[in-house]
Structures are given as structure tokens and as C-alpha cells.
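Novice: model this:
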Amino acid sequence: MSDLKYWLALNSLPDVGPVLARKLLTVFGNPENIFKLSVDELKRVENIGENRARSIVGFKQWDMIQREIDGAMSSNTKLITIKDKAYPQALRNLHDAPPVLYVKGEIKDCDRYAVAIVGSRASTSYGLRIAEKLSYEIAAYGLTIISGMARGIDAASHKGALRAGGRTVAVLGSGIDVPYPPENRGLMDAITSSGAVISEFPLGTKPFKENFPRRNRIISSLSLGILVVEAAVDSGSLITVGYALEQGKEIFAVPGNIISKNSKGTNDLIKKGAKLVESAEEVIDELRPQIKGILREEKIMSEKPRPEMSGEEAVLYKYLSHDPVHIDEIVRGTKIPSGKALSILLNLELKGIISQTEGKLFYVNY
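Specialist: Numbers count the residues shown, from 1 in each chain. As a prediction, this is how the structure comes out:
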């Protein structure tokens, strides 16, 4: 295989995307050959043209490429080329597969049995709860959860898989050294230890708007099916659905409030034939022919044993339900002072027994 520096150089050319890179590799075999050709030889490849050919022949940024290699090594980032065995086969099959993947954590063979969960960044408390619940249950079956580590549904989906002790993979729309959103850096670290974080973009790439539709094709290709929890009619999640349809993947959608703009996209998907999903079992049953033999069939859906609680923790826990309750109502109902109640609720959150949504609303996980 060619030296890694040539792969990174090919991946960094601004006017040669994955499709043209694939064409060049098909014709010339490896990146090192590509950078040793003349302008006229390169122009024989369809759509390369004079300017692109001269850009390749005149490439001089080898110092930058070496810094890229050094930066990957120092940050424990793996550089996986499309020729490497570790490169996911499902992604390799794409006509516009990235020449190089930047990976933190580890991509495993079992990750080919995956479900992508996507949805709105500006999600509702309902959407967050459903995404985390379904993700938890699907991961408990032994499937990997794929998402994009964005705010809202993506983050909730990763958290659900982590809570189940399952595997999850995040696909970034920025360089792998530029976590986005920044507040999800801790989540990224957790994902790295229980799965993988991947990016096709060179180190230092900012989260430009145009990167996210592009990364969505990777999310869909790595999964057997796409589950949309909340999406407006103009949601980027529907771009992922479009890629999934082209790739022949299953489409699932969670129904939502008919007067909520965040449910318009998902409800429209159901009207157009997406499978309406109210439980993880419905996703599993639809995918069963493809995942037979890898499922954890033993009492899969039973939750982990509930951690022990003190007397006051038990009082607050019994007052809560799966529907979010505001702190003011909790204080009135339990007669526990606000400051103390918040402290106890924090302890319950740390134990994983309850969760909190925006506006000091709390609900139980068990």
C-alpha cells in the first residue's frame, strides 16, 4: 500500500472530492502513483480537467501532511484508508466513500449490525426521552447505535446506548480534533471508550454547515436502518433518510404531536411508508432476518437492577414518573425544601435513576 502521506494528500485536495478520488484510484491503483503522473496523464480520467490535474501535479504541502500524521499520532487518532481491512465494508461500497477515515476508539466487526437514530437538534423533552429509551433498548439487544453527536436527539441516542453498556459510533461533521458542539466533548470521550468517533475531514476542519449533509451519507451507510425520532420538514435528518433510501436501508419513524413542528417531518415519513415505531421490539422484528444470530435473546429488555436509594431519595423517586415533573411541583408534592430536593435529585441523576430536561423537569429512567 502507498505511503500514508499520499492518502492524506489525496484526501486534502480541495477540488478532488471522494468521487473523483475513487476514479483516480480505480485507474491508477494507489495515491502514490497519482502524485507521480503528468498533467496529460491525469486528464485522461473523466472530469479531472486541466485545473485539477495541475493542482495534483503541483501539490507541495508535504510539510502540512506530515503535521497531520504527527497530530494524529499525538492525539491517539487512527488513520484508516479505504484499502485497510479495518475500513467498514458497508462504507467501502459507496461510490463516494472517503479515501481516509480518522478514528478515535475502535470500529469492530459487530458494528455492521447497527441502527442509526437521528432527529432534531432543537428537540422536545418528549423526543429526548424517546430517543434515549429506544437507543437503550436497541443497544441492549446487542446492536450498535450510530448517530452524529449533535445536540438533541443525536446526543440522547448516544447516551442511551452508553447507559445500556452497548456500543455506539458518532460520525462528525468536523475534524475529529474539533468536537462539535463543544459541550459534547465529555460525551465524545465516553463514546470513544465504548465504540468509535469517526470523521472523513482532515484535522482542524471547522464544523461548516455544508459538512453535515455530507457526513449523513456515512451515518446511513453504516446502519441497517434509520430511526427518526423528531424532525421538522426541513430537518437535516431527512437528508439522512434520502441517503438511506438510495442505499436500500429500512426507514423507521416515531409518531409525534400533530401540532408540533418537530413532528411534521416524522409524521410525513410515516404517511410515505416509513414503519411507525412505538417500541424497540418493532425495529428488531423488522431487522431480524439481517441480525439473526447476534441478538442477545436472554430477557433483553429487563433494565439493570435499580441502585440503592436513601429514604429521601426513595420519597422523591416515588413521586416522579416517566412524564417530566417541574421542580416546583416536586417541592409542593413532597414537602421537601427546594435546595434539598435539588441536591437529592442530583444524586439520583448521578446514579442514573432519573434524568433532567430543560427547565428543571425531572423524570424516572426505571
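Novice: alpha carbons only for contacts and neighbour counts from here, please
Specialist: OK.
Novice: Quickly note the distance from residue 252 to residue 267.
Specialist: 11 Å (Cα to Cα, to the nearest Å).
Novice: same question, residue 141
Specialist: From residue 141 over to residue 267 the distance is 26 Å, taken as Cα to Cα.
Novice: Likewise for residue 146?
Specialist: Going from residue 146 to residue 267 by Cα to Cα gives 22 Å.
Novice: between the two, which one's more packed in?
Specialist: Applying other Cα atoms under 10 Å to residue 146 and residue 267 shows that residue 146 carries more neighbours, namely 32 against 24.
Novice: May I ask you to confirm that the more buried one belongs to a strand?
Specialist: Yes. Per DSSP: H, G, I helix; E, B strand; the rest coil, residue 146 lies within a strand segment.
Novice: Surely it and residue 113 touch.
Specialist: No. Contact criterion Cα atoms under 8 Å: residue 146 and residue 113 do not qualify, at 10.1 Å.
Novice: pretty sure residue 115 belongs to a strand, no?
Specialist: Yes. Under three-state DSSP, residue 115 falls within a strand.
Novice: Report how many residues lie close to it.
Specialist: Neighbour count for residue 115, taken as other Cα under 10 Å: 29.
Novice: got any residues that touch both of residue 146 and residue 113?
Specialist: Taking Cα atoms under 8 Å, 6 or more residues apart in numbering as the criterion, residue 146 and residue 113 both touch residue 223.
Novice: and the lowest-mean-pLDDT helix or strand in the chain, what does it pack onto?
Specialist: Least confident helix or strand of the chain, by mean pLDDT, DSSP states H and E, is strand 354-357 with a mean of 81. Other helices and strands packing on strand 354-357, by 3 or more Cα pairs under 8 Å, 6 or more residues apart in numbering; DSSP states H and E, are helix 338-350, strand 361-364.
Novice: now do 10 Å
Specialist: Using 3 or more Cα pairs under 10 Å, 6 or more residues apart in numbering; DSSP states H and E, the elements in contact with strand 354-357 are helix 125-140, strand 325-326, helix 338-350, strand 361-364.
Novice: can you give me the strands in the stretch 51-200 of the chain?
Specialist: Ranges of strands in the stretch 51-200 of the chain, per DSSP state E, counting those that start in this stretch, are 78-81, 100-105, 114-118, 144-147, 168-171, 195-199.
Novice: Redo those strands as a markdown table? Include distance to residue 41 and mean pLDDT.
Specialist: Formatted as a markdown table, the strands of the stretch 51-200 of the chain follow (distance: least, Cα to Cα, whole Å; pLDDT from 0 to 100):
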| stretch | distance to residue 41 | mean pLDDT |
| --- | --- | --- |
| strand 78-81 | 24 | 97 |
| strand 100-105 | 24 | 97 |
| strand 114-118 | 42 | 97 |
| strand 144-147 | 41 | 98 |
| strand 168-171 | 36 | 98 |
| strand 195-199 | 31 | 97 |
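Novice: separation between residue 269 and residue 55?
Specialist: 43 Å.
Novice: So these two - more neighbours on which side?
Specialist: With neighbours defined as other Cα under 10 Å, residue 269 and residue 55 compare such that residue 269 has more, 23 against 16.
Novice: so how far is residue 251 from residue 280?
Specialist: Between residue 280 and residue 251 the distance is 14 Å, computed by Cα to Cα.
Novice: Quick check, central residue of the chain?
Specialist: Centroid-nearest residue in the chain, with Cα atoms, centre = their mean: residue 147, separated by 1.9 Å.
Novice: got a list of what it touches?
Specialist: 115-119, 153-158, 168-172, 197, 216, 218-220, 222-223, 226 (Cα atoms under 10 Å, 6 or more residues apart in numbering).
Novice: again, only using 8 Å
Specialist: 116, 117, 118, 154, 155, 157, 158, 168, 169, 170, 171, 219.
Novice: beta partners for it?
Specialist: Listed by DSSP bridges, the beta-bridge partners for residue 147 are residue 170.
Novice: Give me the below-cutoff pLDDT ranges for this protein.
Specialist: Within the chain, the segments meeting pLDDT under 70 span 1-2, 297-305, 366.
Novice: Tell me which stretches of the stretch 151-300 of the chain form helices.
Specialist: Secondary structure of the stretch 151-300 of the chain, counting by DSSP state H, counting those that start in this stretch: helices at 153-163, 185-193, 211-221, 237-246, 261-271, 280-291.
Novice: what angle separates the second one from strand 195-199?
Specialist: Spelled out, that is helix 185-193. 110 degrees (axes from the mean of the first three to the mean of the last three Cα atoms, to 10 degrees).
Novice: Return the set of buried residues in helix 185-193.
Specialist: Under the neighbour-count criterion of 16 or more other Cα atoms under 10 Å, helix 185-193 has 187, 188, 189, 190, 191, 192 buried.
Novice: How about the fourth one?
Specialist: For helix 237-246, burial by neighbour count (16+ other Cα under 10 Å) applies to 237, 238, 239, 240, 241, 242, 243, 244.
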